[in-house]
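Novice: Generate a structure from the sequence data that follows.
(3 chains, ligands or ions: 2)
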Amino acid sequence: MGELKLMKGNEALAEAAIRAGVDGYFGYPITPQSEVIEYLMAEKPHDRTGMVVLQAESEVAAINMLYGAGATGKKAMTSSSSPGISLMQEGLSYLAGAEIPCVVANIVRGGPGLGDIQPAQSDYFQSVKGGGHGDYRLPVLAPASVQEMSDFVPLSFDLAFKYRTPVLIVSDGLIGQMMEKVELFDTMPRLTDEEVTARYPWGTNGKPKGGERRIMTSLDLDPHKLEKHNFHLQDKYRTLEEDEVKYELIDCDDADYVIVAYGSSSRIAQKSIQLARKEGIKVGLLRPITLWPFPKKQINALIKQGVKGFLSVEMSAGQMVEDILLTVGDRTKVAHFGRYGGVIHSPEEVLEALKQKIIGG
Amino acid sequence: MSDIHTLSVQDIIKPENLVYEKTKLMTDKTLSYCPGCGHGTAHRLMMEAIEELGKENDTIGVAPVGCSVLAYEFMNVDMQEAAHGRAPAVATGIKRVWPNKLVFTYQGDGDLAAIGTGETIHACNRGEQIVMVFINNGIYGMTGGQMAPTTLPEMKTSTSPYGRDVNMMGNPLKMTELIAQLPGTHYVTRQAVHTPAAARKTKRAFKKAFQNQIDGKPGVSFVEVVSNCNSGWKMTPIDSNKWMEENMFPFYELGDIKVDGKLIEK
Amino acid sequence: MTEEIIIAGFGGQGVLSMGKILAYSGIMQDQEVSWMPSYGPEMRGGTANVTVIVSDERISSPTLTCYDTAIILNQQSMDKFESTVKPGGVLIYDPNGITHFPTRTDITIYTIEGAKLAADMGNTKIFNMVVLGAYLKVKPIVQLENVIKGLKKSLPERYHKLIPLNEDAITMGMKNVVTS
Ligand SMILES: Cc1ncc(C[n+]2csc(CCOP(=O)(O)OP(=O)(O)O)c2C)c(N)n1
Ligand code: SF4
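Specialist: Ligands and ions are numbered 1, 2, ... in the order given. Have a look, this model is predicted:
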């Protein structure tokens, strides 16, 4: 068993970055995720693994530092919270277009605008639909525990390099600020420069002797060529949809109704399910772990199994519910419940909503 | 002795006993700043200047993102709240469509000199007729004490826990000297608010800055206030003012840098 | 066993660290734990609270609306949290600074003179450990040896010499908690 620690979600994410062999972290302070860069600065990761950490002058700069570092084949990472992630959207579009791997964590807070600093899940649309301009998608992982804040860092880098794409970790102030037990994985050594050049021949880290030079760009002025590039991107997204969907099912075997919830909301919903089952209501939980690609097949399987209704529980005005509706259509009941603007729904409120909107409604 | 007992509050709060009055351009809302912080004094001096110039109804202010994000709760004039660092662009938008109004920004060092560097330099370079107030406390107060672009070498913050290493983290940025070089700035000064004398000088600077705008002088009037952040520096208010005098002032020298469009020879 | 606790008081009373030590003690005896603090501007107003859950099972919601135990250290927290104790649950408070005493009859209420005892011991900083002792007497969910292990884990090495003092404070709390 690895080392056991009591850590905040933000700290676990930072520690995992060091252990996952990240080469560079570039970030800008923002509540509720400033612990990430604070932890990294205190830990002196350069002494531990050679990882560099830099406080950028803005999130716009930070994401472009990822562009530069990632495009050379190195592992680059940043984290921020909603307003800062909005500023990164231009960069993310360029990174997706140029197919540059990197990992970006969003510790979501209430919006829109400056909003507040309390937990929210209202950046779902921005995360799963692309976020910036152009036809692209980003794999999105949603941790629901401090353990997953740690585990999803190496997982995200695996996806990022396998598919040459930025990967988002979408969490929120609750998971970021909460402390739980976490089993830390063993430190993976950073790749040497030679390993990077050998493994990632696309990396712009100096023209290979006798080889072709590489160019990292998202520009193609010839529309036919750009269309072809887009075909290639779409193929990649279809493969991701086929192969990389991740989810968890809790108490779904005999469920009449299913709550769909991710991250913090899924934790709260678990309690609601316990309360419901005490009352004899058979409820299960589908927890999407990848928000994109979305677990559509699993929803279809639950309908086949006889589930009579889905309640999407999100700390937003209803965003993921649209993806559930796209899958379910009019085959069975779908509704949304959630508090937002930084208010966290209680397990009791969720149960009440299930009764009102799905069972009774 | 018996006098003390018979004197009631009502006896004391008579108009003829008045020695000092809060400007009506500060609201009655309790300030959200930490006790001992310079932000509140800077607010008050600025509002007094605007009141004394009779511009209460002709002023539009822009609040930043930082501890003074809630400046709009305290400054009793029309206010807008900008995104982090964008206040000079927001102010430009206002001033260009309401050229006869007084427009100001009030920003911290993270806001004005890190994320908002582009907006700061370009507003100053375009010569926007606005007042920019720059509260330099060498740290990010709002978010809990991270390193700012103005953090002094070796200074400890939560993101420079072993002290600012200028080779790794860059050097403290003298934004005020930088923008003073631009032809679009008309008046550039650096002041403080930690003593009554300093506060009086700062108020004169605010008045001059707003007067420039009233007179249609070309370009930005820029007032930096070197201030404390006792919470972020983890000091008592008194110690923080002493530390500021001993460490901040030698690096960020107080005084006028540019007056009437001309750099002051040192 | 699942124990859901709210600890609430002023910032600076050691509310968050008391919760942390309790959570670490849970880890030391192989339990699942969560620690969820209040954060943000509310804390500038001086109040702090933390929800701690210790359980044999995977923990569901880390934020709750009702608790098995409330540990209350100032009046504001009393106003806010007295009503959130589950029927049959426990409320422990330090009467120091409390002006409106708890009135519920469907829960068990204990008092601990934490501030006074800590002052008597000559160190107001161990206040939270006295209160923790009181709690552990009422609800022995973790063993004292695991609390000591938890202390070792959560305190930086240079403070380890203070562990005996903390242990004394816990014992003091255990001895002096009374039903009210
Ligand atoms: C886009 C964006 N990034 C980051 C933040 C978080 N943030 C809020 S205030 C602040 C810095 C405040 O420091 P400063 O401007 O020096 O003002 P002070 O609080 O010290 O007065 C930061 C980084 C934000 N609100 N928006
Ligand atoms: S954190 Fe610093 S800048 Fe902010 S109000 Fe407190 S003392 Fe002032």
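
Novice: Give me the number of neighbouring residues for A:N10.
Specialist: 27 (other C-beta atoms under 10 Å in any protein chain shown). Backbone N, C-alpha and C define where each C-beta goes, glycine included.

Novice: Is it correct that it is in contact with A:Q177?
Specialist: Yes. A:N10 is within contact range of A:Q177, at 7.1 Å (criterion: C-beta atoms under 8 Å).

Novice: okay, and the common contacts of the two?
Specialist: Counting by C-beta atoms under 8 Å, 6 or more residues apart in numbering or on different chains, the shared contacts of A:N10 and A:Q177 are A:P32.

Novice: Nearest to ligand 1: which residue in the stretch 101-250 of chain B?
Specialist: B:G108 (2.3 Å; C-beta to the nearest ligand atom).

Novice: in chain C, what spans have low per-residue confidence?
Specialist: Residue ranges of chain C with pLDDT under 70: C:41-46.

Novice: can we see that at 80?
Specialist: Low-confidence segments of chain C (pLDDT under 80): C:40-46.

Novice: what are the ranges of the helices in it?
Specialist: For chain C, helices defined by DSSP state H occupy the ranges C:15-28, C:75-81, C:114-120, C:127-138, C:144-154, C:163-176.

Novice: Please apply the same query to chain B.
Specialist: Assigned by DSSP H, chain B shows helices spanning B:2-6, B:9-12, B:39-52, B:71-74, B:87-97, B:109-110, B:117-126, B:166-169, B:175-180, B:196-214, B:230-233, B:237-243, B:249-251.

Novice: could those go into JSON lines alongside distance to chain C and mean pLDDT?
Specialist: Below are the helices of chain B laid out as JSON lines (distance: least, C-beta to the nearest C-beta, whole Å; pLDDT from 0 to 100):
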{"stretch": "helix B:2-6", "distance to chain C": "29", "mean pLDDT": "59"}
{"stretch": "helix B:9-12", "distance to chain C": "25", "mean pLDDT": "84"}
{"stretch": "helix B:39-52", "distance to chain C": "13", "mean pLDDT": "98"}
{"stretch": "helix B:71-74", "distance to chain C": "12", "mean pLDDT": "97"}
{"stretch": "helix B:87-97", "distance to chain C": "21", "mean pLDDT": "98"}
{"stretch": "helix B:109-110", "distance to chain C": "18", "mean pLDDT": "98"}
{"stretch": "helix B:117-126", "distance to chain C": "26", "mean pLDDT": "98"}
{"stretch": "helix B:166-169", "distance to chain C": "25", "mean pLDDT": "97"}
{"stretch": "helix B:175-180", "distance to chain C": "28", "mean pLDDT": "98"}
{"stretch": "helix B:196-214", "distance to chain C": "25", "mean pLDDT": "98"}
{"stretch": "helix B:230-233", "distance to chain C": "9", "mean pLDDT": "95"}
{"stretch": "helix B:237-243", "distance to chain C": "16", "mean pLDDT": "98"}
{"stretch": "helix B:249-251", "distance to chain C": "28", "mean pLDDT": "98"}
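
Novice: Of those, which stretch is the most buried?
Specialist: Neighbour counts (mean count of other C-beta atoms under 10 Å in any protein chain shown) averaged over each of the helices of chain B peak at helix B:109-110, with a mean of 30.

Novice: which other residues reach that one?
Specialist: Helix B:109-110 is contacted from outside by B:66, B:84-85, B:134-140, B:142, B:146, B:148-150, B:175, using C-beta under 8 Å, 6+ apart.

Novice: So which of those wins on neighbours?
Specialist: Going by other C-beta under 10 Å, B:A148 tops the contacts of helix B:109-110 with 32 neighbours.

Novice: which residue packs closest to that residue, ignoring adjacent ones?
Specialist: Nearest residue to B:A148 in three dimensions, chain neighbours excluded: B:D109, at 4.6 Å (C-beta to C-beta, 6 or more residues apart in numbering or on different chains).

Novice: thinking C:I112 is in contact with C:V130, fair?
Specialist: Yes. With contact defined as C-beta under 8 Å, C:I112 reaches C:V130; the gap is 6.7 Å.

Novice: Report the set of residues contacting both of the two.
Specialist: Shared contacts of C:I112 and C:V130, defined by C-beta under 8 Å, 6+ apart, comprise C:173, C:176.

Novice: What residues sit buried inside stretch A:266-283?
Specialist: By 16 or more other C-beta atoms under 10 Å in any protein chain shown, the buried positions in stretch A:266-283 come out as A:266-276, A:281-283.

Novice: With stretch B:19-28 instead?
Specialist: B:23, B:25-26.

Novice: how close does the spatially closest residue to B:V65 that is not a sequence neighbour get to A:A14?
Specialist: The shortest distance from B:V65 to any non-neighbouring residue, by C-beta to C-beta, 6+ apart, is to B:H84 (3.8 Å). Separation of B:H84 from A:A14 (C-beta to C-beta, to the nearest Å): 22 Å.

Novice: what comes into contact with stretch A:59-70?
Specialist: Contact partners of stretch A:59-70, identified using C-beta under 8 Å, 6+ apart, comprise A:23-24, A:26-28, A:30, A:54, A:56, A:76-78, A:80, A:84-85, A:87-88, A:90-92, A:94-95, A:98, A:100-102, A:104, A:166, B:115.

Novice: Now with 6 Å, please.
Specialist: Applying C-beta atoms under 6 Å, 6 or more residues apart in numbering or on different chains, the set of residues contacting stretch A:59-70 from outside is A:24, A:26-28, A:56, A:76, A:78, A:80, A:84, A:87-88, A:91, A:95, A:100-102.

Novice: Just the residues you listed: which are in helices?
Specialist: Among those, the members found in helices (DSSP H) are A:84, A:87, A:91, A:95.

Novice: quick one, what contacts the spatially most central residue of chain A?
Specialist: With distances taken as C-alpha atoms, centre = their mean, A:I169 lies nearest the centre of chain A, 2.5 Å away. Going by C-beta under 6 Å, 6+ apart, A:I169 touches A:105, A:141, A:152, A:156.

Novice: do you know how far it is from chain B?
Specialist: Distance, A:I169 to chain B, using C-beta to the nearest C-beta, to the nearest Å: 21 Å.

Novice: Which residue comes closest to that residue once chain neighbours are left out?
Specialist: Leaving aside its sequence neighbours, A:I169 sits nearest to A:A105 (C-beta to C-beta, 6+ apart; 4.1 Å).

Novice: which residue sits farthest out from the middle of the chain?
Specialist: No chain was given, so I picked chain A. What lies farthest from the middle of chain A is A:G210; by C-alpha atoms, centre = their mean that is 40.0 Å.

Novice: hmm, I had chain C in mind actually
Specialist: Quick read of chain C (C-alpha atoms, centre = their mean): farthest out is C:R158, 23.9 Å.

Novice: Show me chain A divided up by domain.
Specialist: Taking automatic domain parsing as the reference, chain A has its domains at A:3-194, A:247-359.

Novice: related to what we said a few turns ago, out of the helices of chain B, which comes closest to B:L263?
Specialist: Among these, helix B:175-180 comes nearest to B:L263, with 6.3 Å by C-beta to C-beta.

Novice: Packing partners of the closest one?
Specialist: When contacts are defined as 3 or more C-beta pairs under 6 Å, 6 or more residues apart in numbering or on different chains; DSSP states H and E, helix B:175-180 packs onto strand B:185-192.

Novice: Quick one: work out the angle between the strand it packs on and helix B:117-126.
Specialist: With axes from the mean of the first three to the mean of the last three C-alpha atoms, to 10 degrees defining the directions, strand B:185-192 sits at 130 degrees from helix B:117-126.
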